[in-house]
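>>> need a structure here:
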Amino acid sequence: MSLDVSALGSISTSLDELVDRLRLVSSELSEDDEVGAELREVERQLIMASRRLEKAARRASA
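A predicted model of the protein is given here:
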């Protein structure tokens, strides 16, 4: 079974858009807000996931 690199690119784009939406929502909350802190942590984790996905896509296309 071959890996669909274009699908990885599409997923990466969707993930980046999700991070942007999450950043917008979390920016409306104060730094001291517990929910805001949780959302910012989710954002950080998604950014790391996005980087790993992009790395995997580069390796798959090489």
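
>>> next up, the contacts around Arg40.
When contacts are counted by C-beta atoms under 8 Å, 6 or more residues apart in numbering, Arg40 touches Ser26. (C-beta placed from N, C-alpha, C; glycine too.)

>>> for Ser12, see how far away it is.
21 Å (C-beta to C-beta, to the nearest Å).

>>> distance of the residue positioned nearest the centre of the chain from Ser2?
Centroid-nearest residue in the chain, with C-alpha atoms, centre = their mean: Leu46, separated by 3.6 Å. Per C-beta to C-beta, Leu46 is found 27 Å from Ser2.

>>> repeat for Ser27
40 Å.

>>> who's more crowded, those two?
A count of neighbours by other C-beta atoms under 10 Å puts Ser27 above the other of Ser27 and Ser2, at 11 against 5.

>>> Ser26 contacts Gly36, doesn't it?
Yes. If you go by C-beta atoms under 8 Å, Ser26 and Gly36 touch, sitting 5.4 Å apart.

>>> and Ala37, what helix or strand is that in?
Ala37 is located in helix 34-61, with elements delineated by DSSP states H and E.

>>> now that helix: mean pLDDT?
When pLDDT is averaged along helix 34-61, the result is 93.

>>> which positions in it come out as buried?
Neighbour-count burial for helix 34-61, counted by 16 or more other C-beta atoms under 10 Å, picks out Gly36, Leu39, Arg40, Glu43, Leu46, Ser50, Leu53, Ala57.

>>> who are the contact partners of the second one?
Right, the one you point to is Leu39. Leu39 neighbours (C-beta under 8 Å, 6+ apart): Leu22, Val25, Ser26, Leu29.

>>> look up how far Arg23 lies from the residue lying closest to Leu29 once chain neighbours are set aside.
Of all residues not flanking Leu29 in the chain, Gly36 sits nearest, at 3.1 Å (C-beta to C-beta, 6 or more residues apart in numbering). Separation of Gly36 from Arg23 (C-beta to C-beta) stands at 11 Å.
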